[in-house]
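Chemist: 3D model of this:
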Amino acid sequence: MHSDLDADEAWERLRASHSNPPARANTGSRRKTYSAALEQAQQLFRAAAVVGPATSPVLAFYGLSQAGRAITAAAWSLKGEDWRLNTHGITSKGFHLPFPDIEIRTDPPGTQGSFVKVSEVLDSPVWETDPVRLEDVWDLLPPNLNYPLTSRDRLTPLYTSEGSVDEGDHSLLSVFVCNIPDRIVKAGTRKVLADFLTAYAAVAQHESYSNVGASALPNYVRYDHGGGQLAMNWLMPEGVGTGFDGMATMAERQAHLRALTRGYAGGRYFLPVLGSMKRDLHPLMAWWAVLYTLSMLARYEPAAWGKHINVDASPHAVPIERLLERAINHLPVLVADTIIEVST
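Modeler: Numbering: from 1, shown residues only. Modelled structure (predicted):
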């Protein structure tokens, strides 16, 4: 769905912002950091694009890390010297474990580590000492939908779009929720769907969905390749409705959808809440956690990393290759969109 993102156009947008930095990055040391960090980020991503998977995660991660400094420099929510970053703010352990089971932890909230501070700006959770498995964060990335690391049941992003919002004669937010896993669609029952949606806090708040038959089973639209989508409805927030006869306008319904979802390169996604987290991870922070882990593995355990990227021996080699290719194309777009997000 996002394989053809225009990274060059995103870099053009970012470079154009150097001469007129957004929000709090428009003066002083924040302005200097904003421009210098973005320049470093672009050069690191360009370098990552011309090397192989043996070294590209190191370059791509540090490119994203420098982009994070531009994000905090621009962020309206960070005042004084609170925008400055030090340390990574995230750790990975268990490199002796199977690749999907590598453990990721973060520093506590309120600290100045890069992962923690950028997460704070984006209203994205940290999880401290409770480890999260690499596979679980890997599955949060939309481009990984067709690249599972194991055969376990997965919690993957559920796609929707503002363009699919129904503007009917009612005051509901009605959209298609897409990419529901095949195991849920095949089961076809209300209970299986309800149990699945407990991990998706925003979807679980729905008021109703399209159903069929005497037992009101979910009326899925099935995909030829497996899985499907379902038309679902949410009540609008109390007091929202400035259209005809008090109904919500299209703009109000789309705004409510944005409040329920995370954006990713023009699309909207319902994301699961992992473990003890209080809400869903921002997609940029899911990328951050995955790339950090791959970069640490490549940097400090190069022999083990070499085994993981060996296409003759590792089932993870091709998914890793595809992830690193998408990082080069997707992250500049996400960084440009995120800077707008924190600047408005």
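
Chemist: what comes into contact with the helix or strand containing residue 117?
Modeler: Using DSSP states H and E, residue 117 falls within helix 114-121. Helix 114-121 is contacted from outside by 65, 68-69, 71-72, 75, 77-78, 82-83, 85-90, 106-111, 124-126, 282, 284-285, 288-289, 292, 342, using Cβ atoms under 8 Å, 6 or more residues apart in numbering. Any C-beta I mention is one placed from the backbone N, CA and C, and that applies to glycine too.

Chemist: Tell me how far the residue positioned nearest the centre of the chain lies from residue 264.
Modeler: Nearest residue to the geometric centre of the chain (Cα atoms, centre = their mean): residue 283, 1.4 Å. Noted for residue 283: a distance of 5 Å to residue 264, by Cβ to Cβ, to the nearest Å.

Chemist: okay, and the common contacts of the two?
Modeler: In contact with both residue 283 and residue 264: 142, 334, using Cβ under 8 Å, 6+ apart.

Chemist: wait, what's in contact with the residue nearest to the centre of the chain?
Modeler: Residue 283 touches 140-142, 262-264, 269, 271, 334, counting by Cβ under 8 Å, 6+ apart.

Chemist: Just the ones in strands from the residues you listed, please.
Modeler: 262-264, 269 (DSSP state E).

Chemist: Which two among the residues you listed are spaced furthest apart?
Modeler: Distances among these were taken as Cβ to Cβ; the most separated pair is 263 and 269, at 7.7 Å.

Chemist: quick one, which of these two is more surrounded?
Modeler: residue 269 (21 against 17; other Cβ atoms under 10 Å).

Chemist: What residue, apart from its backbone neighbours, is nearest the more buried one spatially?
Modeler: Leaving out its chain neighbours, the residue that sits closest to residue 269 by Cβ to Cβ, 6 or more residues apart in numbering is residue 157, at 4.1 Å.

Chemist: Distance of the one you found relative to residue 229?
Modeler: For residue 157 relative to residue 229 (Cβ to Cβ), the value is 13 Å.

Chemist: Need the residues touching each of these two.
Modeler: residue 179.

Chemist: Neighbour count: these two, which is higher?
Modeler: Regarding residue 157 and residue 229, a neighbour count based on other Cβ under 10 Å identifies residue 157 as having more, with 27 against 21.

Chemist: show me what contacts the more buried one?
Modeler: Contacts of residue 157 by Cβ under 8 Å, 6+ apart are 140-142, 145, 179, 264, 269-271.

Chemist: Now for residue 96, how many residues are close by?
Modeler: Residues near residue 96, counting by other Cβ under 10 Å, number 9.

Chemist: so residue 260 makes contact with residue 234?
Modeler: Yes. Counting by Cβ atoms under 8 Å, residue 234 is a contact partner of residue 260 at 7.0 Å.

Chemist: intersection of neighbour lists for the two?
Modeler: 173, 205.

Chemist: before we move on, the earlier item: how close does the residue nearest to residue 269 sit to residue 28?
Modeler: 38 Å.

Chemist: The chain: strands as residue ranges?
Modeler: Using DSSP E, strands in the chain cover 90-93, 103-106, 132-133, 158-160, 172-180, 208-209, 211-212, 217-218, 221-222, 228-235, 262-264, 267-270.

Chemist: Rebuild these as CSV, extending it with distance to residue 329.
Modeler: As requested, those are exported to CSV (distance: least, Cβ to Cβ, whole Å):
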stretch, distance to residue 329
strand 90-93, 23
strand 103-106, 24
strand 132-133, 25
strand 158-160, 18
strand 172-180, 20
strand 208-209, 34
strand 211-212, 39
strand 217-218, 35
strand 221-222, 29
strand 228-235, 25
strand 262-264, 13
strand 267-270, 15
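
Chemist: how about JSON lines for those strands, with mean pLDDT and distance to residue 196 added?
Modeler: Formatted as JSON lines, the strands of the chain follow (pLDDT from 0 to 100; distance: least, Cβ to Cβ, whole Å):
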{"stretch": "strand 90-93", "mean pLDDT": "96", "distance to residue 196": "29"}
{"stretch": "strand 103-106", "mean pLDDT": "96", "distance to residue 196": "24"}
{"stretch": "strand 132-133", "mean pLDDT": "96", "distance to residue 196": "19"}
{"stretch": "strand 158-160", "mean pLDDT": "97", "distance to residue 196": "10"}
{"stretch": "strand 172-180", "mean pLDDT": "95", "distance to residue 196": "8"}
{"stretch": "strand 208-209", "mean pLDDT": "91", "distance to residue 196": "13"}
{"stretch": "strand 211-212", "mean pLDDT": "80", "distance to residue 196": "16"}
{"stretch": "strand 217-218", "mean pLDDT": "92", "distance to residue 196": "11"}
{"stretch": "strand 221-222", "mean pLDDT": "96", "distance to residue 196": "16"}
{"stretch": "strand 228-235", "mean pLDDT": "95", "distance to residue 196": "11"}
{"stretch": "strand 262-264", "mean pLDDT": "96", "distance to residue 196": "19"}
{"stretch": "strand 267-270", "mean pLDDT": "96", "distance to residue 196": "12"}
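
Chemist: what's the closest of those strands to residue 13?
Modeler: strand 262-264 (15.6 Å).

Chemist: what packs against that closest one?
Modeler: In terms of contacts (3 or more Cβ pairs under 8 Å, 6 or more residues apart in numbering; DSSP states H and E), strand 262-264 is packed against strand 267-270, helix 283-300, helix 317-343.
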